[in-house]
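Colleague: Below: sequence and its predicted model.
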Amino acid sequence: MPSRLLSTVPSRWGEIMRIVVQKFGGTSVADRETRRHAVERVISALEMGYTPVVVVSAMGKAGQPYATDTLLEMVHSVNPGPNPRNTDLLLSCGEIISAVIFAEELSAAGHPAEALTGWQCGILTDQDFSHARIQEVNPKRVLALLEQGKIPVVAGFQGMSAQQEVTTLGRGGSDTTAAALGVVLKAEWVGIYTDVDGIKTADPRLVPDARTLPAVSGREVVELAHLGARVIHPRAAEIALEEGIPLRILSTTEDGIGTWIANGVSAVTGRGGEQVGDRVVVGIAHVTDRAQVTITGEGDLSRTQAAPRVFGMLAEHGVSVDLIFLSTDLIAFTIDRVKAELARRVLTTLGLHVKIEEGFAKVSVVGAGMHGVPGVMARVVNCLERENIPIYQTTDSHANISCLIKEEQLAQAVRALHREFNLDRNV
């Protein structure tokens with residue numbers, strides 16, 4: 001979503017109204033008790049002098065009546081290959097139900113609120129059903145409600161195309177809705193409320209003593225999100241931070257400051273920047289359900305243009321690749337396990353030797369502070385070797401090092417790397 005396409009409001013609105021956008025995920029609106037906590041967070045923002053705009057996800061998780069996965073399973077039970085346009089129309093209903101219920105709970109608590117669909121609040125997208133990208137946001141109706149003293153409660157995850165078709169923004173799309181609204185409304189900050197109290201140094205299900213980070217840089221949170229941390233969608237972080245809107249990750253049910261995320265120094269926290277604190281690694285992220293693809297052929301693969309053919313064929317069939325390694329006699333990369341059979345089917349038509357193995361995971365160490373610091377890769381490799389964890393592929397950037405390992409050794413690897421970089425200690 002290029003910022004130049006956004007319809008922004010005059011800067012005086014942000015100064016006069018002190019707008020904050022508060023997004024509540026599916027677990028935060030799943031039942032009456034969790035919604036009570038969420039309503040309290042909105043009322044608390046009002047009491048602190050903020051003007052809240054609320055964004056909600058569909059209620060609950062798979063199996064619960066209005067959850068996105070439940071709706072998706074419903075349409076797939078009728079037709080395993082449903083029309084994408086019809087599917088988006090159905091999936092948008094989950095967030096609309098949440099928005100109406102949440103608005104009524106706020107009103108019942110004495111704070112007038114009005115529910116809006118994504119298109120009613122001015123979100124215009126392209127027409128890539130199930131993966132639509134926001135092209136423009138016109139917040140006219142949201143501002144009108146704020147002027148009336150009402151709290152807008154927006155259904156996240158959705159918008160409308162120029163052809164007036166209902167679209168959805170993909171997994172984590174409600175985060176993107178919140179970030180886009182935060183940008184166009186010039187919000188003081190955007191809050192993402194979840195069932196954890198902030199960004200952790202590792203997944204607490206694997207590392208029970210993982211700490212909550214008080215602040216991380218924008219680069220670090222985008223890396224963590226792309227590499228498997230599920231606290232915020234990476235696109236949402238990119239949108240907000242590109243425009244200088246601070247983000248907060250907060251618990252719906254527990255008090256605390258959560259985790260602040262900002263590029264540069266936040267006027268709210270006095271912290272931020274490309275690196276927060278003197279630390280090389282800020283956290284450990286992971287992705288499961290990976291399959292490794294290795295391709296060989298007769299002779300020099302570069303002379304037969306094998307790589308362009310392989311990656312072109314996969315792109316044509318919607319298969320995303322990661323951890324790419326190329327040489328004259330080998331092409332190796334990873335894909336999502338669910339795409340393994342599709343990849344096998346399309347790649348064998350190229351006349352190459354294709355081997356696909358499942359049961360892998362990607363574990364990553366992340367930190368803006370590792371750039372230019374020698375020895376980080378050595379510590380990662382030595383740590384995993386001490387644990388007898390083979391590394392099948394690696395990749396790195398200025399802010400992360402990722403290793404492909406067997407999935408059954410993932411928990412062991414995450415704990416070991418967490419200890420290696422002293423993430424269990426306060427810095």
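Modeller: Now that the structure is in, tell me what you want to look at.

Colleague: And for His371, the neighbour number?
Modeller: 14 (other Cβ atoms under 10 Å). All C-beta atoms are positioned from the backbone trio N, CA, C, and that covers glycine.

Colleague: mind listing what Ser174 touches?
Modeller: Lys23, Gly25, Val55, Val56, Ser57, Glu95, Gly156, Phe157 (Cβ atoms under 8 Å, 6 or more residues apart in numbering).

Colleague: Throw these into TSV and include distance to Val142, secondary structure and neighbour count, thanks.
Modeller: Shown next, in TSV, are the contacts of Ser174 (distance: Cβ to Cβ, whole Å; DSSP: H, G, I helix; E, B strand; the rest coil; neighbours: other Cβ atoms under 10 Å):
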residue	distance to Val142	secondary structure	neighbour count
Lys23	14	strand	29
Gly25	20	coil	25
Val55	11	strand	35
Val56	14	strand	34
Ser57	18	coil	28
Glu95	16	helix	30
Gly156	13	coil	31
Phe157	17	coil	30
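
Colleague: just those now: which is nearest His371?
Modeller: Checking those against His371 with Cβ to Cβ, the nearest one is Lys23 at 30.8 Å.

Colleague: give the contact list for that closest one.
Modeller: 54-57, 156, 174-175, 177-178, 190-193.

Colleague: likewise Val196?
Modeller: Pro204, Thr212, Val231, Ile249, Ser251.

Colleague: Please name the residues that touch the first one.
Modeller: The neighbourhood of Pro204, defined by Cβ under 8 Å, 6+ apart, consists of Val196, Ala210.

Colleague: looking at this, it is in a helix?
Modeller: No - using DSSP: H, G, I helix; E, B strand; the rest coil, the secondary structure at Pro204 is coil, not a helix.

Colleague: Mind pulling the model confidence for it?
Modeller: Per-residue confidence (pLDDT) for Pro204: 90.

Colleague: Then the second one?
Modeller: pLDDT for Thr212: 91.

Colleague: Give the full set of residues in contact with it.
Modeller: Counting by Cβ under 8 Å, 6+ apart, Thr212 has contacts Val196, Asp197, Gly198, Ile199, Lys200, Gly256, Gly258, Thr259.

Colleague: Now flag whichever of the contacts of Lys23 is closest to Thr288.
Modeller: Asp175 (20.9 Å).

Colleague: what's that closest one sitting at in phi/psi?
Modeller: Phi and psi for Asp175, reported as degrees, to the nearest 10, are phi -60, psi -40.

Colleague: Name the spans of the stretch 251-400 of the chain whose pLDDT lies under the cut-off.
Modeller: Scanning the stretch 251-400 of the chain for pLDDT under 70 picks out the ranges 263-278.

Colleague: Which residue ranges of it form strands?
Modeller: All strands of the stretch 251-400 of the chain, identified by DSSP state E, counting those that start in this stretch, fall at 259-262, 283-296, 322-326, 331-336, 353-366, 393-396, 400-406.

Colleague: what about the residue nearest to the spatial centre of the chain, distance to Ile43?
Modeller: Closest to where the C-alpha atoms of the chain average out (Cα atoms, centre = their mean) is His233, at 1.4 Å. Counting by Cβ to Cβ, to the nearest Å, the gap from His233 to Ile43 is 26 Å.

Colleague: And for Val54?
Modeller: Counting by Cβ to Cβ, the gap from Val54 to Ile43 is 11 Å.

Colleague: Those two: which has the busier surroundings?
Modeller: Shown here are Val54 and Ile43; by other Cβ under 10 Å, Val54 has more neighbours (30 against 16).

Colleague: Surely the more buried one is in a strand?
Modeller: Yes - Val54 sits within a strand when classified using three-state DSSP.

Colleague: And it, how far from Ala113?
Modeller: For Val54, the distance to Ala113 equals 8 Å [Cβ to Cβ].

Colleague: so what sits against both of the two?
Modeller: By Cβ under 8 Å, 6+ apart, Val54 and Ala113 have these common neighbours: Phe102, Leu106, Ile151, Pro152, Val153.

Colleague: Considering those residues, which is situated nearest to Glu243?
Modeller: Out of those, the member with the shortest distance to Glu243 (by Cβ to Cβ) is Pro152, at 19.9 Å.

Colleague: any idea which element that closest one lies in?
Modeller: strand 151-155 (DSSP states H and E).

Colleague: In its sheet, which strands sit next to that strand, and in what direction?
Modeller: strand 51-56 (parallel), strand 113-116 (parallel) (DSSP bridges).

Colleague: Convert that strand to PDB, retaining C-alpha atoms only.
Modeller: Output of strand 151-155 as PDB, limited to C-alpha atoms (Å, rounded to 0.1, in the frame of the first residue of the first chain):
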ATOM      1  CA  ILE A 151     -16.600   5.300  18.600                       C
ATOM      2  CA  PRO A 152     -16.200   3.800  15.200                       C
ATOM      3  CA  VAL A 153     -15.800   0.000  15.400                       C
ATOM      4  CA  VAL A 154     -14.400  -1.200  12.100                       C
ATOM      5  CA  ALA A 155     -14.600  -4.700  10.700                       C
END
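
Colleague: and the strands of the stretch 251-400 of the chain, which is most packed in?
Modeller: Using mean count of other Cβ atoms under 10 Å, the stretch among the strands of the stretch 251-400 of the chain with the largest mean neighbour count is strand 259-262, at a mean of 26.

Colleague: and Ala108, how many neighbours?
Modeller: Using other Cβ under 10 Å, Ala108 has 10 neighbouring residues.

Colleague: do Glu316 as well
Modeller: Neighbours of Glu316 (other Cβ under 10 Å): 9.

Colleague: Could you do Glu243 as well?
Modeller: Neighbourhood size, Glu243 [other Cβ under 10 Å]: 18.

Colleague: Hmm, Val183 and it touching each other?
Modeller: Yes - counting by Cβ atoms under 8 Å, Glu243 does reach Val183; the two are 4.5 Å apart.

Colleague: residue with max distance from the center of this structure?
Modeller: Of all residues in the chain, Gly299 has its C-alpha farthest from the mean position, at 41.7 Å, by Cα atoms, centre = their mean.

Colleague: ok, which stretches of the stretch 1-150 of the chain are strands?
Modeller: For the stretch 1-150 of the chain, applying DSSP E, counting those that start in this stretch gives strands covering 19-24, 51-56, 113-116, 123-125, 134-137.

Colleague: what about Ala99, distance to Asp126?
Modeller: Between Ala99 and Asp126 the computed distance is 23 Å (Cβ to Cβ).

Colleague: more neighbours, those two?
Modeller: Using other Cβ under 10 Å as the criterion, Ala99 and Asp126 rank with Ala99 on top: 29 against 16.
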